[in-house]
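**Q** Model the structure of this input:
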Amino acid sequence: MSWIYLIVAGLLEIGWPVGLKLSQEAETRVIGILLAIGFMAASGFCLWMAQKQIPIGTAYAVWTGIGAAGTFLVGVMFYGDPSSLARYFGVALIVAGVVVLKLAH
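**A** You can find the predicted model right below:
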């Protein structure tokens, strides 16, 4: 169950940078800030639950890896962030590192 909590925490981690991005526009500022706070709290709670059985270093690395890769993809798909083969390769390395941490646990 801890790994499920950790994966959910990582996916929720994607939500708060999106909320902060939304808060950059005056018409979505308040909703963006509220979304960011909500996703931070939910992600932090799930990370806390995961750390009951997963070592802190592994949990943190997996959590940030999922969040970083997911936020990169959301940025490319919805916000026009730059995309190149090298950037995708970098994200693939992050994902590979997360997989290795899971397999080594």
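**Q** can we go C-alpha only for contacts and neighbour counts from here?
**A** OK.
**Q** What pLDDT does the model give Leu103?
**A** pLDDT, Leu103: 87.
**Q** Could you pull out the buried residues of the helix or strand hosting it?
**A** Assigned by DSSP states H and E, Leu103 falls within helix 85-104. The neighbour-count check on helix 85-104 (16 or more other Cα atoms under 10 Å) flags Val91, Ile94, Val95, Val98 as buried.
**Q** so how far is Ala68 from the second one?
**A** Which is Ile94. 8 Å (Cα to Cα, to the nearest Å).
**Q** tell me the phi and psi of Asn51?
**A** Quick fix: residue 51 is Gln, not Asn. phi -70, psi 0 (degrees, to the nearest 10).
**Q** which one of the buried residues of helix 85-104 is nearest Val76?
**A** Of all the buried residues of helix 85-104, Val76 sits closest to Val91, with 12.1 Å by Cα to Cα.
**Q** what helix or strand is the residue lying closest to that closest one once chain neighbours are set aside on?
**A** Counting by Cα to Cα, 6 or more residues apart in numbering, Ala69 is the residue found nearest to Val91 once chain neighbours are left out, at 5.7 Å. Assigning secondary structure by DSSP H and E places Ala69 in helix 56-78.
**Q** Name the surrounding residues that touch that helix.
**A** 6-7, 9-14, 17-18, 47, 50-51, 81-83, 91, 94-95, 98, 101-102, 105 (Cα atoms under 8 Å, 6 or more residues apart in numbering).
**Q** what's the angle from that helix to helix 85-104?
**A** 150 degrees (axes from the mean of the first three to the mean of the last three Cα atoms, to 10 degrees).
**Q** what mean pLDDT does helix 56-78 have?
**A** Across helix 56-78, pLDDT averages out at 95.
**Q** In this model Met40 seems to touch Ala9, though I could be wrong.
**A** No. If you go by Cα atoms under 8 Å, Ala9 and Met40 don't touch, sitting 9.2 Å apart.
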